[in-house]
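Asks: Curious how this folds, go ahead:
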Amino acid sequence: MKNYLLALDLKPDPALIREYEDYHRAVWPEILESIRESGIIRMEIYRTGNRLCMVLQTTDDFSFERKSHLDVANAKVQQWEALMERFQQRLPGAAPGQKWVPMERIFTTAS
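Replies: Coordinates of the predicted model:
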């Protein structure tokens, strides 16, 4: 099992943030299926202000490249991503077209 932590900002508009959270309280079933199909076992999103943090727990063979290929081929995922774009803004330093930015672990108590 692998773990990843990613970050993204929302536009700093309370109404948009509420709407974004409403969508995530009722994620489309096709999106949930695509998440599982890509090898993500568990996904959690946390928010403070307009900063989001996503925690992924994946299978050992999970890759972001494979997930990206699956997402591009899935019309419902493309529809969801286009809708979410309305709420999201890139982090400073994100690559062109990059939404969620992987975070680097700088401390752990695990040996």
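Asks: ok, which stretches of the protein are strands?
Replies: Ranges of strands in the chain, per DSSP state E, are 2-10, 40-48, 51-58, 88-89, 101-102.
Asks: tell me which strands and helices the fourth one is in contact with?
Replies: Packing contacts for strand 88-89, counted by 3 or more C-beta pairs under 8 Å, 6 or more residues apart in numbering; DSSP states H and E, involve strand 2-10. Heads up, the C-betas are built off the backbone N, CA and C, glycines and all.
Asks: Please identify the pairing partners of the strand it packs on and their relative orientation?
Replies: When pairs are called by DSSP bridges, strand 2-10 turns out to pair with strand 51-58 (antiparallel), strand 88-89 (antiparallel), strand 101-102 (antiparallel).
Asks: Any idea which of these gets closest to residue 33?
Replies: Proximity to residue 33, assessed across the strands paired with strand 2-10 by C-beta to C-beta, is greatest for strand 51-58 (15.7 Å).
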